[in-house]
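**Q** would you be able to build a 3D model of this:
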Amino acid sequence: MTAWQVLSPGVQTTVQDQGRHGWRHLGVARAGAMDPAALAMANRLVGNDEQAAGLEIAVRGPRIRLPRACRIALAGAEIQATWNGEPLPMGRPLDLPAGDLSLGPLRDGLRAWVAVAGGLDAPVVLDSRSTDLRGGFGGHDGRALVAGDLLSIGDAAPVKSSRGPVFPAWWIDVDDPWTVDRHVLRYLPSPHPAARELAGTVWHAHANSNRQGVRLEGAGLPGGGGDGLSEPVAVGTLQLPPDGQPILLLADAQTVGGYPRLGHVIACDLGRAAQLRPGEPVHFEPVTPAQARALAHEHAHRLARLRLAIAQRV
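**A** Here you go, the predicted model:
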């Protein structure tokens, strides 16, 4: 079995797949890619099932030694990627000979995803290979990568040998149009009195944000509290702490919380939130349940068209 060697880990690189579903009643977070659609389409580009595990990169990526030829694809925020110093494009299958894959800083976004033909062969824990950083399990020893780690790659069709990277002239725009304007997030307001006021304030992503959630900074909202009864929360829930600065829960979110709930960001906009860099502005736009359903259908149709386009080319 092939194993990639991590020469340098980047800022935060983790093994992720489509997440750990069906365990929240036991307090287990979803985890998984912060933008599941981006990783799913990258997997399609290399011929994998969409559920295959890949790498999620935040801020700056790793440098990896490839012991033999392989096929990869890059999706998400634009990343400075090279093989043995040669630049690599995104959004298409890349056949790489043995050598060094360097994934540098990300531009115009915070996260990118790497799929490899065969998928990353991490242990399956509770039906998923995803890393749960808060729980310390899944992925590669339940943590972000460090130098010296070996990443096992699953079986895949062999890649033809060559002296350098080989890739087609075409590419697929795997980034949804929803992720382009990541500064507008649509949400279903809750009955809380401050829920509608959320839309009338300019917020900024706080530096103290992570995979659990994006902390927001702004003028502040009234009615925050921390002594209420704990209630279920989910990926996309907007909480209101006592300081009046909302928190948008993301992939590693807890399953219950005592803060008031302002509403829920619609699923097809969560990929936008995954790309928010510290200090960037965020505007919230309320939608009705009917509008949310229509946007979900539109999102699903776009992904279906991408699957067809990829299948015709790969």
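**Q** let me see the contact set for the residue located most distally from the centre of the chain.
**A** For the chain, the largest distance from the centre (Cα atoms, centre = their mean) belongs to R163, which lies 32.4 Å off. R163 makes contact with P97, according to Cβ atoms under 8 Å, 6 or more residues apart in numbering. For glycine as for every other residue, the C-beta is placed from the backbone atoms N, C-alpha and C.
**Q** any idea how far stretch 60-74 is from the chain center?
**A** Relative to the chain's own centre, stretch 60-74 is displaced by 18 Å; criterion: Cα atoms, centre = their mean, to the nearest Å.
**Q** on that earlier part again, how close does the residue farthest from the centre of the chain sit to P97?
**A** The gap separating R163 from P97 is 7 Å, by Cβ to Cβ, to the nearest Å.
**Q** re the thing from before, and the residue farthest from the centre of the chain, which of the three is it?
**A** Secondary structure assignment for R163 (DSSP: H, G, I helix; E, B strand; the rest coil): coil.
**Q** list of residues touching stretch 279-299?
**A** Around stretch 279-299, the neighbours that count as contacts under Cβ under 8 Å, 6+ apart are 37, 176, 178, 182-189, 195-196, 198-199, 202-205, 207, 214, 216, 263, 265-268, 276.
**Q** again, only this time at 6 Å
**A** Stretch 279-299 is contacted from outside by 183-189, 198-199, 202-205, 266, 268, using Cβ atoms under 6 Å, 6 or more residues apart in numbering.
**Q** buried subset of the residues you listed as a PyMOL selection?
**A** In PyMOL, this line selects whichever of these come out buried by 16 or more other Cβ atoms under 10 Å:
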select buried, resi 183+185+186+187+188+189+198+203+204+205+266+268
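**Q** okay, and which of the contacts of stretch 279-299 map to strands?
**A** Counted as lying in strands by DSSP state E, out of the contacts of stretch 279-299, are 184-189, 203-205.
**Q** from these, pick the one nearest G224.
**A** W203 (14.3 Å; Cβ to Cβ).
**Q** phi, psi of the closest residue to R211 other than its chain neighbours?
**A** Nearest residue to R211, sequence neighbours excluded (Cβ to Cβ, 6 or more residues apart in numbering): D252, at 4.2 Å. Phi and psi for D252, reported as degrees, to the nearest 10, are phi -90, psi 20.
**Q** which secondary structure elements does the lengthiest strand in the chain contact?
**A** Longest strand of the chain, by residue count under DSSP E: strand 99-116. Packing contacts for strand 99-116, counted by 3 or more Cβ pairs under 6 Å, 6 or more residues apart in numbering; DSSP states H and E, involve helix 36-45, strand 54-58, strand 63-66, strand 70-83.
**Q** other SSEs contacting the shortest one?
**A** Right, strand 63-66. Applying 3+ Cβ pairs under 6 Å, 6+ apart, one finds that strand 63-66 contacts strand 3-8, strand 99-116.
**Q** closest one of the ones in strands among the contacts of stretch 279-299 to A157?
**A** L185 (40.1 Å).
**Q** show me what the closest one bridges to in the sheet.
**A** For L185, the beta-bridge partners are F284 (DSSP bridges).
**Q** can you give the distance of the longest strand of the chain from its chain's centre?
**A** In terms of Cα atoms, centre = their mean, the gap separating the centre of strand 99-116 from the centre of its chain is 12 Å.
**Q** residue numbering should commence at 376 henceforth.
**A** Fine by me, first position is 376 from now on; the one you just mentioned is strand 474-491.
**Q** give me the mean pLDDT for it.
**A** Computed over strand 474-491, the mean pLDDT rounds to 96.
**Q** state the next helix or strand along the chain beyond that strand.
**A** Using DSSP states H and E, the helix or strand that follows strand 474-491 in sequence is strand 525-527.
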